[in-house]
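Asker: Just need the structure, nothing else, for what follows:
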Amino acid sequence: MNVRKHLSKGLWAAAGVTVFFIIGCGGSGSTVTTTGGSSAGSGAGGSALSTATVSLPTSSASMVVEFLTGQGRAAGDTRADINRINFVDSSGVSYPSSLADNVYVGLNQYSVNDISLPLTLSAGQPSQEFAQFELTVNSWDTQSGGGTWSAVGGQNGNFAVDQMYPVQAGAFPGRFEKLPVFLDDSMFTEGFDANSNPYTIFDANGAFESSNMPNPGQTSLMAVFSDFVHFNISAVTTPPIFNAASSYAGAKVTDVYFSGDQIALSNGTTQGSDFQILEPNSGYADGIVGSVNASTGSQPPINVTTYNLTVPDPRDFTGIARIPAGTGLLRDISSVTSSLGTFEVMLMPQSTDGNVQTAVAFVKPAGQTSNVTNLYYGSADLNAKTITLYPIADLTNGTTNGQINGTLSGLLNNAGSTTSTPSQTYFGTYTFTGSLPTGFTATGRFFDFRE
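Answerer: The predicted structure follows:
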């Protein structure tokens, strides 16, 4: 499958890194008052200036490190003892987690283990970006035939592993981001000092980097948003079609999801519906729509649906058996925005919070929530002030039929003041050129999916 290349961050589908973390939710979206109106383009009726805003928590943010490990379960199993994580920003400031109960990560067992780093961002801070991740392992443990564990630390009483790695990761108010870290028993061996005391040898640059930086030219660990915004496209005249590799090959896609980093699709929102995250090079990561969490507290917000990813179990030579590979959150567009009009243009930051963002333009009947009658997707460059969109029908076939081009101007921050900084942009003006689909407006106000 050839998915639009504007999604520059690849999905780590082989191990299902897209897993959610929990943060407090609540609060209201920022509101910026603007004046003026929008003019109609071909096929458009000319609507009032959009007043849509984003409704996400205003300061709560978190990064989660998810340790994904290998297979096996027998005497001689090994595990890593971990109880802290730490991120460092570009200025050298550390953001360590509080010491938690020890997490024992089975190195030759399939396991998924999360350690959270809760953060409180300053008022108006768009994101907290990190430059380095510190991997620390207290000890490397081996299980005996009797079930007991023997622990081996580092030399001179140090951590078994204490290694810094470049990272592309950030924490955003109200968003859910996770850093996958792959560990397995091939990365650990035992050494002995001059006094014959054992210590852990960690293959920091070989086995670890080949598992965690697998793409050509990749030099850093990469985090990814694991929460998606949902649109119901069952009323779209020409929806995308599930590709041949899917169990629903040839069927119409009824629901699409955008995170800023990735795009996903499903054949429904009820529990058990097929769910797939598209990957630019190798197809998709498969899963199902999970349950609806109706909690009214902060863990997580009301009416949040989960998804559950799976990957083939390499122990099964038939390729039928699958193993869990992570979960995440699906939130309806109506639950994370307010005052949506009948036509909107929404930009979504990538987790690196740079100038290139995902763009979504959609036509929505008055009174509807997530049900749209037309949707285009693509990318926006806030430095070049350009926007490019494609029909949603192109999502799974890789074509570019019906491409729409446009420009951006009048970028505003969350206080309504002019800005030229992409990460400070919350609103602005778009202008499309050429003939437009029915319901689209040639110029108007866009909003950015950030609090």
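
Asker: CA only for contacts and neighbour counts going forward, please
Answerer: OK.

Asker: Could you give the bridge partners of the residue nearest the centre of the chain?
Answerer: Compute the mean C-alpha point of the chain, and by CA atoms, centre = their mean the closest residue is Phe225, 1.7 Å away. Note on Phe225: beta-bridge partners by DSSP bridges are Glu177.

Asker: I'd like to know how far it sits from Gly206.
Answerer: 27 Å (CA to CA, to the nearest Å).

Asker: now Thr373
Answerer: 50 Å.

Asker: The two: who's more crowded?
Answerer: Higher neighbour count among Thr373 and Gly206: Thr373, with 20 against 10, using other CA atoms under 10 Å.

Asker: quick one on the thing from earlier: OK, contacts around the residue nearest to the centre of the chain?
Answerer: By CA atoms under 8 Å, 6 or more residues apart in numbering, Phe225 lies in contact with Thr18, Arg175, Phe176, Glu177, Lys178, Ser259, Gly260, Asp261, Gln262, Gln350, Ser351.

Asker: Now do the nearest residue to the fifth one once chain neighbours are set aside, the pLDDT please.
Answerer: In space, and not counting its chain neighbours, Lys178 is closest to Val64: 4.8 Å by CA to CA, 6 or more residues apart in numbering. Looking at Val64, its pLDDT stands at 84.

Asker: tell me the secondary structure for Val64?
Answerer: Following DSSP: H, G, I helix; E, B strand; the rest coil, Val64 is assigned to strand.

Asker: which ones are touching it?
Answerer: Listed by CA under 8 Å, 6+ apart, the contact partners of Val64 are Phe21, Asp114, Ile115, Ser116, Leu117, Glu177, Lys178, Leu179.

Asker: Please report how far it lies from Ile115.
Answerer: Distance, Val64 to Ile115, by CA to CA: 6 Å.

Asker: With Ser339 instead?
Answerer: According to CA to CA, Ser339 and Ile115 sit 36 Å apart.

Asker: Spell out which residues sit in contact with the residue in the chain sticking out farthest from the centre, please.
Answerer: Taking CA atoms, centre = their mean, the residue of the chain most remote from its mean C-alpha position is Asn195, at 47.8 Å. Going by CA under 8 Å, 6+ apart, Asn195 touches no other residue.

Asker: in a helix, that's where it is, yeah?
Answerer: No - read with three-state DSSP, Asn195 is coil and lies in no helix.

Asker: Distance check, it against Gln155.
Answerer: 11 Å.

Asker: outside of stretch 416-435, which residues touch it?
Answerer: Contacts for stretch 416-435 (CA under 8 Å, 6+ apart): 32-34, 41-43, 126-127, 349, 353-355, 382-383, 404-414, 441-450.

Asker: Pull out the buried residues from the residues you listed.
Answerer: Buried by 16 or more other CA atoms under 10 Å: 32, 41-42, 126-127, 349, 353, 355, 382, 404-409, 411-414, 441-450, out of these.

Asker: Narrow these to those in strands?
Answerer: For the buried ones among the contacts of stretch 416-435, membership in strands holds for 349, 404-409, 411-412, 443-448, with DSSP state E as the criterion.

Asker: Was I right to think Phe231 contacts Ser334?
Answerer: No - counting by CA atoms under 8 Å, Ser334 is not a contact partner of Phe231; they are 9.1 Å apart.

Asker: Pull up the overlap in contacts between the two.
Answerer: Ser370.

Asker: Those two: who's more crowded?
Answerer: More crowded of Phe231 and Ser334, by other CA under 10 Å: Phe231, with 22 against 18.

Asker: give me the element that one is part of.
Answerer: According to DSSP states H and E, Phe231 maps onto strand 227-232.
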